[in-house]
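Asker: Need a 3D model of the sequence below.
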Amino acid sequence: NIARNKISQLRFSFDPELVLADADVRAEMSRIDNMSPVDSPIFINHVWKAFKSSKEVTYADRDICLAIPEGQCFGLLGPNGAGKTTLIDMLTGLVQPDSGELFLQNTNMKNALSSIYKQIGVCQQGDVHYPLLTVHEHLLLYARVKGITGDEVKRSVEESIQEMDLQEHRNKTVKQLSGGNKRKLAVAIAFTGSPNIVFLDEPSTGMDPVIRRKMWSLIDKMKDGRVIILTTHSMEEADALCERIGIMVKGSLRCLGSSQHLKSIYGSSYNISLKTTPENAQRVQEFISEICPTAKLGRNINGAMDFEVPLENLKLGPLFSQLHENREEFAISDYSISQPTLEQVFLGFAKEQELE
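Answerer: Numbers count the residues shown, from 1 in each chain. Have a look, this model is predicted:
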């Protein structure tokens, strides 16, 4: 209690502009201030969390405000140390906030953790399995732990096995499974019992590209009627699954919006990709520098070239025209111009955290 009181006294010594830097984050704070927990399955109301050592107070999460509606997969992103894990730990009841309120399904997490646990599912980053139990036995165990009884246990287990395409592995022990199938089991356990809220931490780690996309398709189908919070370092995964994304930096929610919105607001450059002959590569580089003086060559492998062009210096229409009109002169067999990627946005915020 003494430590918590000390944390409370120090909390507001931070510049509020650090937290309120993004217009969408400010709008979310305003929205939270004018709505009720009953309006959203996940309702995070001005939550702070700090950890005190003998020398200093370290703020893990600062004034987090967020409401996530039913049917949405929300991507919680950020570099290591940004505060994602602490926020998830608070949402799953492992850690209590120092101030603010957390509501899941209109239930204050301070008051009724046992009832909340029956409504959530968690897929951890590491595979927390029993090596000698089979896939079927794992799902039976977790169904019963979640309070499922009678014929509903069998139905729930069979549903999970079917949804995750684990039929041929149902009687294999965990130690016999591949890394990808262990992740599928972890996701199946998270969805066992049809929880209203599911937390997925790096769900497709270790999967080959084909299986990974199948997993994304399954997760996308299962968000109906529930909320999914996804934490991942794969920007491709976040792009594929999340309707809305929040990126955390130094404990603060730094930006908020759809992937497309974040790319349009925070993307710093477009990418020009083209293919020419190795002999023409130098001439093409000079040509691109002439029409886009700020373009930077990122790659040149046997005439396969990538250039990065800052957004403020790029005029798409004239650029396309120049490439099209000069493709034969410079032996350009293929070219494309792509918008900023979510990974570029993420790396920009990661750099911001390193500089602070």
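Asker: what about the helices in the stretch 251-356 of the chain?
Answerer: 259-266, 281-291, 316-326, 342-355 (DSSP state H, counting those that start in this stretch).
Asker: JSON lines for those, including mean pLDDT, mean neighbour count and distance to Glu159?
Answerer: Where you see a C-beta, it was placed from the backbone N, CA and C, and this is true even at glycine. Listed next are the helices of the stretch 251-356 of the chain as JSON lines, based on pLDDT from 0 to 100; neighbours: other Cβ atoms under 10 Å; distance: least, Cβ to Cβ, whole Å:
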{"stretch": "helix 259-266", "mean pLDDT": "91", "mean neighbour count": "17", "distance to Glu159": "30"}
{"stretch": "helix 281-291", "mean pLDDT": "93", "mean neighbour count": "16", "distance to Glu159": "55"}
{"stretch": "helix 316-326", "mean pLDDT": "88", "mean neighbour count": "13", "distance to Glu159": "48"}
{"stretch": "helix 342-355", "mean pLDDT": "85", "mean neighbour count": "16", "distance to Glu159": "32"}
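Asker: Can you tell me which of those helices is nearest to Arg212?
Answerer: helix 342-355 (16.3 Å; Cβ to Cβ).
Asker: helices and strands around that closest one, which ones?
Answerer: Secondary-structure packing of helix 342-355 (3 or more Cβ pairs under 8 Å, 6 or more residues apart in numbering; DSSP states H and E): helix 235-241, strand 244-249, strand 252-257, helix 259-266.
Asker: what residues does the longest one touch?
Answerer: By that I understand helix 259-266. 24, 238-239, 242, 245, 247, 255, 257, 339-342, 344-345, 348-349 (Cβ atoms under 8 Å, 6 or more residues apart in numbering).
Asker: Direction-wise, compare it with strand 252-257 and give the angle.
Answerer: Interaxial angle of helix 259-266 relative to strand 252-257 (axes from the mean of the first three to the mean of the last three Cα atoms, to 10 degrees): 110 degrees.
Asker: relative to strand 244-249, how tilted is helix 259-266?
Answerer: Counting by the same axes, to 10 degrees, helix 259-266 lies at 40 degrees to strand 244-249.
Asker: and helix 259-266, how far from the chain's centre?
Answerer: Remark: helix 259-266 is offset 15 Å from the chain centroid, using Cα atoms, centre = their mean, to the nearest Å.
Asker: Now do that helix and helix 342-355, the angle between them.
Answerer: With the same axes, to 10 degrees defining the directions, helix 259-266 sits at 50 degrees from helix 342-355.
Asker: if we can go back for a sec, comparing the helices and strands packed on helix 342-355, which gets the lowest mean pLDDT score?
Answerer: Lowest mean pLDDT within the helices and strands packed on helix 342-355: helix 259-266, a mean of 91.
Asker: Could I get the CA-only coordinates of that one as PDB?
Answerer: The C-alpha coordinates for helix 259-266 follow below in PDB (Å, rounded to 0.1, in the frame of the first residue of the first chain):
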ATOM      1  CA  SER A 259      -3.800  -0.600 -40.700                       C
ATOM      2  CA  GLN A 260      -4.600   1.500 -43.700                       C
ATOM      3  CA  HIS A 261      -5.200   4.600 -41.500                       C
ATOM      4  CA  LEU A 262      -1.900   4.100 -39.700                       C
ATOM      5  CA  LYS A 263       0.000   3.600 -43.000                       C
ATOM      6  CA  SER A 264      -1.500   6.800 -44.500                       C
ATOM      7  CA  ILE A 265      -0.800   8.900 -41.300                       C
ATOM      8  CA  TYR A 266       2.600   7.600 -40.300                       C
END
